[in-house]
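1. Let's see this in three dimensions:
(one chain, ligands or ions: 2)
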Amino acid sequence: MSKERTLSIIKPDGVSKNAIGDILARFEKARLKIVGLKMLNLSEAQAREFYAVHKERPFYNDLVKYMTSGTVVVSALEGDNAVIKNREIMGATDPKKAAAGTIRHDWAESIDANAVHGSDSIENAKIEIKFFFPELG
Ligand code: ADP
Ligand code: MG
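-> Residues are numbered from 1 along each chain as shown. Ligands and ions are numbered 1, 2, ... in the order given. Sure thing, here's the model as predicted:
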């Protein structure tokens, strides 16, 4: 097991449904330590840059629009195998395919409003954590 960090974002639907506490509690119960936490509204430029890996995808503009539509909660999580562990807690991108007991199964409505973002690799986690928490080094 290796200690890692990953980045989570509670998306606007998760925040508006009062799911912040539930979602952060799931991370802590899974022994992911919250080492950074911010509540903010993404600018269009920030959302475009954060999701730049998806800029050629047909859903890119809708994704940027959605991520700037309301307040989000960004956290940096640390623990053993944090990247994969967070992806397991999140569930599949499409909530219809998300396993029972996962965040997306329990809170997400659609592939757009799917409650949470999570880094997909250690390498991307480093980039994403730096994007929101340059102070974490
Ligand atoms: P994940 O968030 O599970 O890592 P991706 O990185 O593939 O998923 O996509 C980023 C986000 O873009 C997803 O969380 C989802 O909100 C949105 N998205 C992905 N695929 C689609 C799609 N086919 N149609 C609409 N939105 C999508
Ligand atoms: Mg992704």
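2. going forward, measure contacts and count neighbours with C-alpha atoms only.
-> Noted.
3. where does this protein come near ligand 1, residue by residue?
-> When proximity is defined by CA under 6 Å from any ligand atom, the chain lies next to ligand 1 at 59, 63, 93, 111-112, 114, 117.
4. Which residue ranges of this protein form strands?
-> With DSSP state E applied, the chain shows strands at 3-10, 33-40, 72-80, 116-118, listed in chain order.
5. now the second one, how far from the chain's geometric center?
-> With CA atoms, centre = their mean, to the nearest Å as the basis, strand 33-40 stands 11 Å off its chain's centre.
6. Out of the residues of the chain next to ligand 1, the closest to residue 6 would be?
-> Of all those, the one with the least separation from residue 6 (CA to CA) is residue 117, at 10.4 Å.
7. At the geometric centre of this structure, which residue do we find?
-> residue 117 (2.3 Å; CA atoms, centre = their mean).
8. In contact with that residue, which residues are there?
-> 7-11 (CA atoms under 8 Å, 6 or more residues apart in numbering).
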